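**Q** I would like the atomic coordinates for the input below:
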Amino acid sequence: MDEETELFEIECQMLKLPEFSVLKNSDSEFKDGRYMASCYWDVKGFGYKRWVIGGYIDVNHEAYIEAGFCEEDIVAACIRHLNKPPLRKKYQRRLKNPLYGNLEEKPHQFKLREKDGKSVIEIALITDKRKNSRLWGEGQRLSQTSIPKLGRPRKKA
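**A** Presented below is the predicted three-dimensional model:
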């Protein structure tokens, strides 16, 4: 069963979000998710190699749970589908990249819930792309070096 679930993908998509969730404006622009502003220090390379994005995956997870899949397998299959680059158009030379950058296989956190009458997965994913036009905001840039020493270096005796 483990080998079957590794190759298994679930057709899903990110739920469109307005820039500000509090304002209910019907003519506002919608995007697939947003870069998280919190500092995730437990993510190795956060701020200079990896960034956390948040959003909702639109998938009927209840049907897959009734079929016998656990929550982690459903989320992993959705991430595998989101990591696939879109199909190339006819006569297109350049290879396509995944829409949200290279997502890590395991999410930072996830929660199965219902939003506006739809069953969705609330998810925080880790990506390697700092700026993305499909997401609100951009990943924060943090320095990876330690604090430099002040003053002039001493001569060795």
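**Q** tell me the centre residue of the chain?
**A** L125 (3.2 Å; Cα atoms, centre = their mean).
**Q** Pairing partners for that one in the sheet, please.
**A** Bridge pairing for L125 (DSSP bridges) gives the partners I53.
**Q** shouldn't it be in contact with E105?
**A** No - using Cβ atoms under 8 Å, L125 is not in contact with E105, being 10.1 Å away. Yep, even glycine has a C-beta here, placed from its N, CA and C like the rest.
**Q** Pull up the overlap in contacts between those two.
**A** I79 (Cβ atoms under 8 Å, 6 or more residues apart in numbering).
**Q** show me the contacts for E138.
**A** Y35, R130, K131, N132.
**Q** Once you drop chain neighbours, what's closest to the second one?
**A** Nearest in space to R130, with sequence neighbours left out and distances taken as Cβ to Cβ, 6 or more residues apart in numbering, is G139 at 4.1 Å.
**Q** Can you report how many residues lie near the one you found?
**A** 23 (other Cβ atoms under 10 Å).
**Q** dump the residue contacts of it.
**A** Contacts of G139 by Cβ under 8 Å, 6+ apart are Y35, G47, W51, V52, K129, R130, K131.
**Q** Let me know the secondary structure of it.
**A** coil (DSSP: H, G, I helix; E, B strand; the rest coil).
**Q** Could you tell me how many residues sit around C78?
**A** By other Cβ under 10 Å, 26 other residues sit near C78.
**Q** again, but for the one 3 residues further on
**A** A total of 16 residues lie near H81 under the criterion other Cβ under 10 Å.
**Q** which residues of the protein score low on pLDDT?
**A** Low-confidence segments of the chain, defined by pLDDT under 70: 1-6, 144-149, 157.
**Q** hang on, I65 is in a helix, isn't it?
**A** Yes - if the criterion is three-state DSSP, then I65 is within a helix.
**Q** Can you give me every residue that contacts it?
**A** E71, I74.
**Q** Equivalent analysis for Q109, please.
**A** For Q109, counting by Cβ under 8 Å, 6+ apart, the contacting residues are I123, A124.
**Q** With N97 instead?
**A** P85 are the contacts of N97 under Cβ under 8 Å, 6+ apart.
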